[in-house]
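Engineer: One predicted model, sequence on top.
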Amino acid sequence: MAGVRAVGILSRFATSKYSRLSGHGHRSLSMSSSLLARTYANYEIKDGVAVIRINDPNSKVNTLSKPLQAEMTEILEEIWGNSAVKGAVLISSKPGSFIAGADLNMIQACKSAEEVTTLSQEGQKMFDKIEKSPIPIVAAINGSCLGGGLEFAIACQYRLATKSKKTVLGTPEVMLGLLPGAGGTQRLPKMLGIPAAFDMMLTGRNIRPDKAKKMGLVHQLVDPLGPGLKSPEEATIQYLETVAIEAAKNLANKKLSVKKEKGLVQKLQDMVMGLPFVRKQIYNMVTKKVMGQTKGLYPAPLKIIECVQTGIEKGTTAGSLAESVNFGNLAMTSESLALRGLYHGQVACKKNNFGSPARDVKNLAVLGAGLMGAGIAQVTVDKSVRTILKDTTVEGLTRGQQQVYKGLNDKTKKKAITSFQRDTTMSFLTGQLDYRGFDQADMVIEAVFEDLNVKHKVIKEVEAVIPPHCIFATNTSALPIKEIAAASKRPEKVIGMHYFSPVDKMQLLEIITTDKTSKDTTASAVAVGLKQGKIIIVVGDGPGFYTTRCLAAMLAEAVRVLQEGVGPKKLDALTKGLGFPVGGAALADEVGIDVAAHVAEDLGKALGSRFGGGNVEVLKTMVQKGYKGRKSGKGCYVYEKKSKDKKVNPGVEEILKAYQLKPAPSVSGDEDVQYRLLSRFVNESVLCLQEGILPDPVQGDIGAVFGLGFPPCLGGPFRFVDSFGADKLVQKMHRYEEVYGNQFSPCQLLLDHAKDSNKRFHK
Amino acid sequence: TIYFLSKTLAKPNVKNIVLVDGVRTPFLLSGTSYSDLMPHDLGRGALQGLLNRTGVPKEIVDHIIYGIVIQEVKTSNVAREAALGAGFSDKTPAHTVTMACISSNQAMTSAVGLIAAGQCDVVVAGGVEFMSDVPIRHSRKMRKTMLSLNKAKTLGQRLSLLGSIRMGHLMPELPAVAEFSTAESMGHSADRLAAAFGVTRVEQDEYALRSHRLAKKAQDEGLLSDIISFQVPGKNIISADNGIRPTSMEQMGKLKPAFVKPHGTVTAANSSFLTDGASAVLIMSEEKALALGYKPKAYLRDFVYVSQDPKDQLLLGPTYATPKVLEKSGLTMEDIDVFEFHEAFAGQIVANLKAMDSDWFAQNCMGRKSKVGVPPMEKFNTWGGSLSLGHPFAATGCRLVTTVAHRLQKEGGQYGVVAACAAGGQVFLPKYTYAQLARADTEYSRGATVQVFLVHSFGLFSVHVLCMKMTMCKSVQKHF
């Protein structure tokens, strides 16, 4: 969902500017270019081409805000009224951003679907005018061109893009529960063909310049420049501008034509797409795929399909109307609200709120080359930080180094990096069995076995060799940090960094501070996490911290459900039906049954009967039999290579029979089972906030969604309480409480919210 | 009296090292008269020419160092093959060096090092490039199958290996079109460099035209006296370069960009073309040369190698290295009488001139307080350059040094500087610096002290430009 400022809307389309500026054509060129100094956009005329430069003075990126749109409208009217202008170039003065999307606050400020629909229609009108512009307009794209920015660009007659790493194109609206609402659903299918347009709008993925050229999204690519007579950024923008002006001139004098010869494949595809039954087949297929992936929990993708279909089958006028109406309706859905909340939360969790650390971490050491340790090493070397990976055995170390290499090599195969970049990145990694070089380490992250005695032994060994400023971070998923820090001579330098597996794919990092952890230590840990590309929540210390605790509560209920005779497949279907990306049983297999058993037992001891429900012995027996989850080939399921259909492990079925419990019919319907699972998760989250483990609901939502796969359509446990209603949730919980006991007792904060419907976690 | 006025650049406790003489074969567009030869044939020609011209007794040559970029696998130590064929003593060791477009510079500076270290007194250095034939390989898959076939013992094994060959195996592997580290071709890099310095197409075409006109003039006036004739076996004698073709701005302006399309500025006409050719020089300690009765042409004084980011500064070496070598010797730009810079692309030369004239570049990229300063054009590549004479990668360095010596003699100058860029760079992200410098005086001609500085900057040039340049070369031929 990165970099989304989505959604293309232009508002306040002023139509009455012609008369005021009708004299423009007679002005001298230099006058017209400097006459009106505007704030968000300005233009000058170079060689008969109007160069419109966008630069939002208040932000790092340009967004289609109301003032920018107003100024842009004025400028376009002036240009269209000036007969000396033969073409125009639209370019950003910001190095990393063309237009990153529409201003989300504009939508946020709307009270009704109709208001949003109006915004959409104003945008549509504006872009229609641009599309019909009497002079060619060239969009010169450098940096992010997303959402409304992309819709702006595709309304222009010609598009140039730099091959800069920062240049990405895309329609990420779907990730915010919206659709491209300023003509995107109408223009893209015509421009790219139906399948490619669906792919782009339904996935919302970022498209790199090379791919954009191949798809036909842009016409011409420009290379980024190195330093010359100016900085690389300035030089690149100037170069892009020069090439764009040339293109505008050539378009104006017909030396350059936008139409390109269609290849045989393209002609064939067009012919096939001309057949109504083929198109119908495509709509059906895409709808089916979307339903399979979203379980119908997300309305936006279906509306996108509807808009495209309407536009193609009934014409653009009908399509545009469908687009604007659906856009308005979607903006008001709880799903969109949830997703937009996550977007804002994610932006907030990519900042360091603890200031800049006294020292940069330049040398990092990771202890333990297991799955986690190697993963941490991989995301660290990836950012050119020298990293030592230490293990106790050659076998362990070799496996870990292979994992890092494989991670980078996979990127090479996907052409994300060159083999040369892979090799130089690998050169930042040193694998070793001893403590050589630890005297240079700025931070040590331990990822050794989850056992307090082992952790104590390690912390003592490490503190004997590291310099005084070095931070000791522990990657544990459940052991309280203060217990680990008890063995330390300098607890202010000890902090918890809880990564999620697989480290290179999971975005979340949960940082845990004790009351002794210094602010600088926290700042440093956050800085390292941000460098590794993580979304970060910083929570207080306690058994299971935040994420593990919530997950453990839900897994305890999942075990109970299994014991009551709901099979692993059914359990997975129910959890996925809620919107979890991975089912409960499958998740336990991924985490590792041994880890789950460990955590369940520890938390049960520490937090008492609230963690009751399922019997821990079920997990322990599974571990005894070697069913440790995916890593051991067997858990709830049997994992075989190349087998697509997972089979339930018959051994587990036997164990579950041995621990069978009788379900209570009043609370064992499908929906009740779902809410039993969900309510325990949510209650534990709210309790974490109540106890001060969580600093705020935003980090609670982000942690749950990005670390544990809490349904994004619900926006996180706190957003869920707000939208579902605390009172309704409490009612349900009371019902479960009667049957099962205090693991379903709502916490005080939840009760407070239930009592007073004005209380909300998110404003 | 002039002698008295000159600065002495001799270093205490270091032997003076001199260039006795230098020669080269005519440089020909690849695919023309040399096309049926092999690299060592051309190398042999240059070495034999050097023997003939200098009359140096074979048995006193201590060592032979030769450069090449695109290796012919049959003659991987091309130095030895060429030397034996040229009639040098089989007792004289020979080795081959490679360092992209500055391979023969590396050969010369290695020679300087051997003499300075007291290991040798007489060394022959040079380089050859032969682009009429390049190694085109079977695909890796096919190579693997063929190698396994060698080891297969039974007919069954052989048949099963042969049976595993698929269409994909048959695809040949051309020399890479892109720089290994950055996956960018050199022409592409030059185009971006030109854009970064705001070098226009017209400026590039003008510079290229200048190179061709000056080369033609030098050829007509017989100034290119380093050329020795080469007898192509079974064919006629070649005695002149064939790539010099001064045309007009108008004709050059018709060409389409060769690398960056459609808006690029580097074309076949303003780039150096693929060339076959070889060169050689005779380097000695001064005392040895004098004892043998030679009248050396120049002192080779000092050298510096630099290297930078291979992505964005690939071809900017001359800008970095020139001030370095001058400062090292206590000289300024004004002291230099002769500049010979390797012309890879007109855009690259003009970009370097602009970089040298830019305070911004000096301050932000070089860590200097102010700009380097631009060499005056009346002293700059006045007998043509690589754009017009041709650029056999590993032979160009010796041509530049010999040309400086000849120009100093002809024009009565005292100091000269040579600079050449090469591709690559050893380190991907960090910016490293190497450097090379060499200088020479010729106090033997006209009694004036003349010195040559060799300044070569370097990134590493990899093999690839090949295919690109081949097409360029064709279009040049078509065009002119």
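Structural biologist: Cool, got the structure. Residues are numbered from 1 along each chain as shown, chains lettered A, B, ... in the order given.

Engineer: Which stretches in the stretch 151-300 of chain A count as strands?
Structural biologist: Secondary structure of the stretch 151-300 of chain A, counting by DSSP state E, counting those that start in this stretch: strands at A:158-162, A:168-170, A:220-222.

Engineer: these two touch, right, A:Pro480 and A:Asp541?
Structural biologist: Yes. A:Pro480 is within contact range of A:Asp541, at 5.7 Å (criterion: Cβ atoms under 8 Å). (Each C-beta comes from the backbone N, C-alpha and C, glycine too.)

Engineer: can you pull the contacts of residue 326?
Structural biologist: No chain in the question, so chain A it is. A:179, A:303, A:306-307 (Cβ atoms under 8 Å, 6 or more residues apart in numbering or on different chains).

Engineer: my bad, chain B
Structural biologist: Contacts for B:Leu326 (Cβ under 8 Å, 6+ apart) come out as B:332-333, B:335-336, B:417, B:453.

Engineer: Closest to A:Val394 out of those?
Structural biologist: Of all those, A:Val394 sits closest to B:Phe453, with 53.6 Å by Cβ to Cβ.

Engineer: What is the nearest of the contacts of B:Leu326 to chain A?
Structural biologist: Nearest to chain A among the contacts of B:Leu326 is B:Met333, at 19.8 Å by Cβ to the nearest Cβ.

Engineer: Now the stretch 101-250 of chain A against chain B: closest residue?
Structural biologist: For the stretch 101-250 of chain A, Cβ to the nearest Cβ, closest residue to chain B: A:Gly226, 2.2 Å.

Engineer: for the spatially closest residue to that residue that is not a sequence neighbour, helix, strand, or coil?
Structural biologist: Of all residues not flanking A:Gly226 in the chain, B:Asp312 sits nearest, at 2.2 Å (Cβ to Cβ, 6 or more residues apart in numbering or on different chains). Here B:Asp312 is coil, with the state taken from DSSP: H, G, I helix; E, B strand; the rest coil.

Engineer: Tell me the pLDDT of B:Ala176.
Structural biologist: Looking at B:Ala176, its pLDDT reads 62.

Engineer: near chain A, which residues of the stretch 251-400 of chain B?
Structural biologist: For the stretch 251-400 of chain B, the contact set with chain A under Cβ under 8 Å from any Cβ of the partner chain comprises B:260, B:262-263, B:309, B:311-313, B:351, B:354-355, B:358, B:360-361, B:364-365.

Engineer: and the residues you listed, which are buried?
Structural biologist: B:260, B:263, B:309, B:311-313, B:351, B:354-355, B:358, B:361, B:365 (16 or more other Cβ atoms under 10 Å in any protein chain shown).

Engineer: just those residues now: which is nearest chain A?
Structural biologist: Each of those was scored against chain A by Cβ to the nearest Cβ, and B:Asp312 proved nearest at 2.2 Å.

Engineer: Just give me the neighbour total for the residue of the stretch 101-250 of chain A closest to chain B.
Structural biologist: Neighbour count for A:Gly226, taken as other Cβ atoms under 10 Å in any protein chain shown: 23.

Engineer: now the one 4 residues further on
Structural biologist: For A:Lys230, the neighbour count with other Cβ under 10 Å is 19.

Engineer: Distance check, it against A:Ser97.
Structural biologist: According to Cβ to Cβ, to the nearest Å, A:Lys230 and A:Ser97 sit 19 Å apart.

Engineer: quick one: low-confidence ranges for the stretch 351-480 of chain B?
Structural biologist: B:423-480 (pLDDT under 70).

Engineer: Quick one: the helices in it, in order.
Structural biologist: According to DSSP state H, counting those that start in this stretch, the stretch 351-480 of chain B carries its helices in the segments B:359-365, B:386-389, B:396-411, B:466-479.

Engineer: Check the stretch 501-650 of chain A too.
Structural biologist: So, for the stretch 501-650 of chain A - with DSSP H, counting those that start in this stretch - the helices run A:519-531, A:547-563, A:568-578, A:584-591, A:593-607, A:616-624, A:650-658.

Engineer: do you know which of the ones you listed lies nearest B:Pro376?
Structural biologist: B:Pro376 sits nearest to helix A:519-531 of all those, at 49.4 Å, using Cβ to Cβ.

Engineer: that older thread, A:Lys415: which of the contacts of B:Leu326 is nearest?
Structural biologist: Comparing these against A:Lys415 with Cβ to Cβ places B:Val417 closest, at 42.8 Å.

Engineer: beta partners for the closest one?
Structural biologist: B:Phe339, B:Phe453 (DSSP bridges).

Engineer: if I look at A:Ala365, how far off is B:Ile283?
Structural biologist: With Cβ to Cβ as the criterion, A:Ala365 and B:Ile283 are 51 Å apart.

Engineer: Those two: which has the busier surroundings?
Structural biologist: Taking neighbours as other Cβ under 10 Å, A:Ala365 and B:Ile283 compare with B:Ile283 leading, 32 against 27.

Engineer: my read: the more buried one touches B:Ala298, true?
Structural biologist: No. Counting by Cβ under 8 Å, B:Ile283 does not reach B:Ala298; the two are 10.2 Å apart.

Engineer: where do the contact lists of these two overlap?
Structural biologist: By Cβ under 8 Å, 6+ apart, the residues touching both B:Ile283 and B:Ala298 are B:18-19.

Engineer: which one is residue 269 nearest to, not counting chain neighbours?
Structural biologist: In the absence of a named chain, chain A is used. Closest residue in space to A:Gln269, ignoring its immediate chain neighbours: A:Gly193 at 6.1 Å, by Cβ to Cβ, 6+ apart.

Engineer: That was the other one, I meant chain B.
Structural biologist: Nearest residue to B:Ala269 in three dimensions, chain neighbours excluded: B:Met252, at 4.5 Å (Cβ to Cβ, 6+ apart).

Engineer: The one you found: helix or strand, and which one exactly?
Structural biologist: helix B:249-253 (DSSP states H and E).

Engineer: got a list of contacts for that helix?
Structural biologist: In contact with helix B:249-253 (Cβ under 8 Å, 6+ apart) are residues B:201-202, B:205-206, B:208-209, B:267, B:269-270, B:479-480.

Engineer: Could I get the CA-only coordinates of it as CSV?
Structural biologist: In CSV, the C-alpha atoms belonging to helix B:249-253 read as follows (Å, rounded to 0.1, in the frame of the first residue of the first chain):
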residue,chain,number,x,y,z
MET,B,249,27.6,19.2,-40.3
GLU,B,250,24.6,18.8,-42.5
GLN,B,251,25.4,15.2,-43.4
MET,B,252,26.2,14.4,-39.8
GLY,B,253,23.0,15.9,-38.6
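
Engineer: Name the residues of whichever helix or strand comes after it that are buried.
Structural biologist: Per DSSP H and E, the first helix or strand lying C-terminal to helix B:249-253 is strand B:275-285. Under the neighbour-count criterion of 16+ other Cβ under 10 Å, strand B:275-285 has B:275-285 buried.

Engineer: I'd like to check which residues are in contact with the residue nearest to B:Val232 when sequence neighbours are not counted.
Structural biologist: What sits nearest to B:Val232 in space, not counting adjacent residues and going by Cβ to Cβ, 6+ apart, is B:Ser33, at 5.7 Å. Going by Cβ under 8 Å, 6+ apart, B:Ser33 touches B:232, B:235-236, B:238, B:242.

Engineer: Can you pull the residues of the stretch 101-250 of chain A lying near chain B?
Structural biologist: Looking at chain B, the residues of the stretch 101-250 of chain A close enough under Cβ under 8 Å from any Cβ are A:220, A:222-223, A:225-232, A:235, A:239, A:243, A:246-247.

Engineer: Repeat that for chain A.
Structural biologist: So chain A meets chain B at A:220, A:222-223, A:225-232, A:235, A:239, A:243, A:246-247, A:384, A:418, A:420-421, A:424 (Cβ under 8 Å from any Cβ).

Engineer: If anything else comes up later, I'll come back, but that's it for now.
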